[in-house]
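Colleague: only geometry, no sequence info:
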């Protein structure tokens, strides 16, 4: 039963991601991105990573995408007039870069450069302790410096957003 759910959700995720790329309306882009993130959260649940799925739903599909929708609707973007001439010279390089990215991904997947790492955090160990405890222990011991740097970057971004908004008033 899980394999059928995986195929259904993976198909929906790929289709909504494709719609996200080819849609011209920014509001629909944000909605397709929310749907893609929800599908990814379901895939995390199928992988028994409930904490990551909850974070995916709360942070990305919830907070950030609602913020994107508010910004898009508040700005009332009229992109069609501005980008008509700008996209003509960008299409050919974008196609070549997309093909190069696709070939690179295929080569990496075919050469098995990413076999995974076998270490102390096996499935049985994680199930005995719990996902949240393992992530918390790693986050506040081994990865404390990147965690703190990320929090500082988010703080600086929030201050920058406040300063930009204050300047327009």
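Modeller: Cool, the structure landed. Keep in mind the model is a prediction, meaning the values are calculated, not measured. Numbering: from 1, shown residues only.
Colleague: Whichever helix or strand residue 128 is part of: how far from the chain's middle?
Modeller: Counting by DSSP states H and E, the element that carries residue 128 is helix 123-129. Its chain's average C-alpha position is 26 Å from that of helix 123-129, according to CA atoms, centre = their mean, to the nearest Å.
Colleague: The chain should start at 152 in everything you say after this.
Modeller: OK, 152 is where the count begins now, so the last one is helix 274-280.
Colleague: got any ranges where this structure has weak pLDDT?
Modeller: In the predicted model of the chain, residues 224-225, 227-240, 259-260, 262-269, 318-320 satisfy pLDDT under 70.
Colleague: 90 instead?
Modeller: 152-157, 170-186, 188-189, 196-291, 298, 301-302, 305-306, 308-320 (pLDDT under 90).
Colleague: Can you report how many residues neighbour residue 193?
Modeller: By other CB atoms under 10 Å, the residues close to residue 193 number 20. Heads up, the C-betas are built off the backbone N, CA and C, glycines and all.
Colleague: err, residue 167, not the other one
Modeller: 20.
Colleague: Look at it and give its secondary structure.
Modeller: Three-state assignment for residue 167 (DSSP: H, G, I helix; E, B strand; the rest coil): helix.
Colleague: what residues are up against it?
Modeller: Applying CB atoms under 8 Å, 6 or more residues apart in numbering to residue 167 gives the contacts 183, 186, 187, 190.
Colleague: quick one on the thing from earlier: list the neighbours of the helix holding residue 279 that are in contact with it.
Modeller: By CB under 8 Å, 6+ apart, helix 274-280 touches 199, 285.
Colleague: Tell me which helix or strand comes right after that helix.
Modeller: helix 282-290.
Colleague: residues of that following helix that come out buried?
Modeller: 282, 285, 286 (16 or more other CB atoms under 10 Å).
Colleague: Wait, the first one touches residue 205, no?
Modeller: No: contact status for residue 282 versus residue 205: not in contact, 9.7 Å apart, counting by CB atoms under 8 Å.
Colleague: Can you lay out the contacts of residue 167 as a markdown table showing neighbour count and secondary structure?
Modeller: As requested, these are exported to a markdown table (neighbours: other CB atoms under 10 Å; DSSP: H, G, I helix; E, B strand; the rest coil):
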| residue | neighbour count | secondary structure |
| --- | --- | --- |
| 183 | 20 | helix |
| 186 | 19 | helix |
| 187 | 21 | helix |
| 190 | 22 | helix |
